[in-house]
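A.B. asks: Have a look; sequence and predicted model below, questions after that.
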There are 2 protein chains.
Amino acid sequence: MKKPSTVTIREVSPRDGLQGETAEIDTEGKIELVNLLASAGFPRINVTSFASPKAVPRLADAADVVAGVIRRPGLELDASVPNLRGAERALEADVDTLVVFVAASDEANLRNVRRTTEESMVESEAVIRLARASGKNAVGTVSLAFGSPYGDEVTDDTVVALADRFVAAGATGLSLGDTTGEANPQAVFDLVSRLRAEYPDVELALHLHDTRGLALANVLAGMQAGARHFDGAIGGIGGSPFTKDSSGNLATEDLVYMCATMGIETGVDLAALPSINAFLETRLGHPLPGRLGQFMRGSEAASA
Amino acid sequence: MKKPSTVTIREVSPRDGLQGETAEIDTEGKIELVNLLASAGFPRINVTSFASPKAVPRLADAADVVAGVIRRPGLELDASVPNLRGAERALEADVDTLVVFVAASDEANLRNVRRTTEESMVESEAVIRLARASGKNAVGTVSLAFGSPYGDEVTDDTVVALADRFVAAGATGLSLGDTTGEANPQAVFDLVSRLRAEYPDVELALHLHDTRGLALANVLAGMQAGARHFDGAIGGIGGSPFTKDSSGNLATEDLVYMCATMGIETGVDLAALPSINAFLETRLGHPLPGRLGQFMRGSEAASA
């Protein structure tokens, strides 16, 4: 079977994971989480978002979180950046990578940030240019790349046109977000194949949600089409708004475990993940949805 | 991406699914479940097991269940058969297919049925010959085909040697059981490829459990290696003994949904599954573990 020898896993629980949670974790807790993830071997971590502190008070500590993280050699810290003001703050905080977002669905973009996709793209292009001029990496994310829950059609052509804009602005990486778990293996294979052919030198990441249980099958299809970068969140946190039981992000444990069993190097220590899962469960005050995380913790308890 | 145009899904909730449940469903309820599944379009259903009524009292109604099911054209009813006495009862009940089992792990075989794998194989061969002589199909299942939880090594050679015996005895089908969710996509691809090459004319089924969340990725790898027959249980019932939250069988909803989104024909009506999920939840008295089943029922309720 065609498969890569190594893949890069980016841990998104500190930002994407926590943003969907009711419970808030204090600045010290966020720093501890990022340091735990780095200790477990994750080479990239989505640390925070430089959103407006007025709009999202719980992210007002973005710079403090970045400042508190131990900067190990080889560790790449990235931050989500919604606009130029956020980009300036992210650069001041000295993150390694700035991540911008546009939705492939205009309707979703309007609902999320009260701007059209085009308006968000124009601001994203400016952020990418600023990041690159400052010697930083810039990743352009197309969210809802595999379909929109609002009924408007998302085609591969739409996604590729947005990716073209990101790359033209200087993006070092592209990310395809399946924000509401609409992707299937065939769709992932087709879109990844097309983008890999068009931009063989731009990193292409998959940010998959497990809403319908397809995330790992989608990872496998993505690997076969040439993707080498995958996002995950410990315990699958970052839930969908549709139902409290639907998990959100692909659980990092599942991703690391599948790679490990297939002989694909990730650099992540699977055995270190149950304690991070336990840390988050304690801080968030509820069991995390990911099945393997629960299984691993159960097995650990049983063998203790 | 290499994929089949059609696959056959076998529904195992009436037998494999229910056997792990505390709550018991009465004979009428079991018949209703099988008829609901057949109405939804499942072409094959694992209806019951002709185990000894003394050893497993809740399966004493096996013949009554089979007798109560509406026999639609094209519907293949199969029953698990642990020994020759069970085979005689299954033939009397006029099931279409007799399914026998051996574990690839001697240790597991001893624990499950207090016989060595060789002893079970000898009895299975006799059952297969009897079934074929009676004009029925016979499927030989190798359980724990991808690893044993008891620490003893299971190699592909072990599995292939057992499959050879089944085929030599006249089996019309082979099934690889990943009873404790040990499989990974690479292992599935390798073993399925080998068996497909050796026995291109024998149906090869995958019976996957989702203990570690890999079941759908394993289905995808199996499809790519040539498997066209897959088992599922509504809502993922048939839980693992390790933890109450770990789901057991691959949830049928997940399997049907993935095929549907990939344009792979199954003949199953996805929209009919939430009501069967609800039926089982009511009868079993607890929510079923499968995530998509919950999601679909939530969406249905939200749009009602």
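C.D. replies: It's in. Residues are numbered from 1 along each chain as shown, chains lettered A, B, ... in the order given.
A.B. asks: Show me where the stretch 101-250 of chain A dips below the pLDDT cut-off.
C.D. replies: Within the stretch 101-250 of chain A, the stretches with pLDDT under 70 are A:239-247.
A.B. asks: need the contact list for the closest residue to chain B within the stretch 1-150 of chain A.
C.D. replies: Going by Cβ to the nearest Cβ, chain B is nearest to A:Met1 of the stretch 1-150 of chain A, at 4.2 Å. C-betas here are computed from N, CA, C, even on glycine. Residues in contact with A:Met1 (Cβ atoms under 8 Å, 6 or more residues apart in numbering or on different chains) are A:224, B:185-186, B:189-190, B:221, B:224-225.
A.B. asks: Just the buried residues of those residues.
C.D. replies: Those of these that meet the buried threshold are A:224, B:185-186, B:189, B:221, B:224-225, by 16 or more other Cβ atoms under 10 Å in any protein chain shown.
A.B. asks: what two of those residues are the furthest from one another?
C.D. replies: A:Gln224 and B:Ala225 (12.8 Å; Cβ to Cβ).
A.B. asks: Would you map the strands across chain A?
C.D. replies: Assigned by DSSP state E, chain A shows strands spanning A:8-11, A:44-49, A:76-80, A:97-103, A:137-143, A:173-178, A:203-208, A:229-232.
A.B. asks: Identify whichever of those lies nearest to A:Val256.
C.D. replies: Nearest of the strands of chain A (Cβ to Cβ): strand A:8-11, 6.5 Å.
A.B. asks: helices or strands up against that closest one?
C.D. replies: Judged by 3 or more Cβ pairs under 8 Å, 6 or more residues apart in numbering or on different chains; DSSP states H and E, the packing partners of strand A:8-11 are strand A:44-49, strand A:229-232, helix A:252-261.
A.B. asks: Present the ones you listed as TSV; the columns should include mean neighbour count and distance to chain B.
C.D. replies: Converted to TSV, the helices and strands packed on strand A:8-11 look like this (neighbours: other Cβ atoms under 10 Å in any protein chain shown; distance: least, Cβ to the nearest Cβ, whole Å):
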stretch	mean neighbour count	distance to chain B
strand A:44-49	26	22
strand A:229-232	25	12
helix A:252-261	25	4
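A.B. asks: and the stretch 201-304 of chain A, which of its residues are near chain B?
C.D. replies: Within the stretch 201-304 of chain A, the residues that sit near chain B (Cβ under 8 Å from any Cβ of the partner chain) are A:210-214, A:216-217, A:219-221, A:224-225, A:242-243, A:245-247, A:251, A:254, A:257-258, A:261-263, A:287, A:290-292, A:294-295, A:298-299, A:302.
A.B. asks: do the same with the stretch 1-150 of chain A
C.D. replies: Going by Cβ under 8 Å from any Cβ, the residues of the stretch 1-150 of chain A near chain B are A:1, A:3.
A.B. asks: neighbouring contacts of stretch A:256-266?
C.D. replies: Against stretch A:256-266 from outside (Cβ under 8 Å, 6+ apart): A:3-9, A:41, A:216, A:219-220, A:223, A:232, A:268, A:270, A:273, A:292, B:184-187, B:212-214, B:217.
A.B. asks: okay, now A:Thr266: neighbour count?
C.D. replies: Neighbourhood size, A:Thr266 [other Cβ atoms under 10 Å in any protein chain shown]: 21.
A.B. asks: any idea how far it is from chain B?
C.D. replies: A:Thr266 is 14 Å from chain B, where distance means Cβ to the nearest Cβ, to the nearest Å.
A.B. asks: okay, that residue: pLDDT?
C.D. replies: With respect to pLDDT, A:Thr266 has a value of 98.
A.B. asks: Please report the distance of it from B:Asp190.
C.D. replies: 21 Å (Cβ to Cβ, to the nearest Å).
A.B. asks: Can you report how many residues lie near the residue of the stretch 51-200 of chain A at minimum distance from chain B?
C.D. replies: Residue nearest to chain B within the stretch 51-200 of chain A (Cβ to the nearest Cβ): A:Asn184, separated by 3.5 Å. Neighbourhood size, A:Asn184 [other Cβ under 10 Å]: 26.
A.B. asks: Which residue is the nearest non-sequential neighbour of it?
C.D. replies: By the measure of Cβ to Cβ, 6 or more residues apart in numbering or on different chains, the closest residue to A:Asn184 outside its immediate chain neighbours is B:Thr261, 3.5 Å from it.
A.B. asks: and the residue lying closest to A:Ala217 once chain neighbours are set aside, how many neighbours does it have?
C.D. replies: Spatially, and ignoring its direct neighbours in sequence, A:Ala217 is nearest to B:Leu216 (4.2 Å; Cβ to Cβ, 6+ apart). As a burial measure, B:Leu216 scores 28 neighbours (other Cβ under 10 Å).
A.B. asks: Could I get the contacting residues of B:Leu216?
C.D. replies: Counted by Cβ under 8 Å, 6+ apart, B:Leu216 has contacts A:213-214, A:216-217, B:210, B:250, B:254-255, B:258.
A.B. asks: Over to A:Arg85?
C.D. replies: A:50, A:52.
A.B. asks: Same check on A:Ala126?
C.D. replies: Neighbour list for A:Ala126: A:84, A:87 [criterion: Cβ under 8 Å, 6+ apart].
A.B. asks: what does A:Lys2 give?
C.D. replies: With contacts defined as Cβ under 8 Å, 6+ apart, A:Lys2 is in contact with A:223-224.
A.B. asks: could you redo the last one with a cut-off of 6 Å?
C.D. replies: Contact analysis of A:Lys2 by Cβ atoms under 6 Å, 6 or more residues apart in numbering or on different chains lists A:Gln224.
A.B. asks: confidence score at it?
C.D. replies: At A:Lys2, pLDDT is 87.
A.B. asks: ok, the residue nearest to A:Ala217 to B:Leu255 distance?
C.D. replies: Counting by Cβ to Cβ, the gap from B:Leu216 to B:Leu255 is 7 Å.
A.B. asks: Please consider this matter closed, and thank you.
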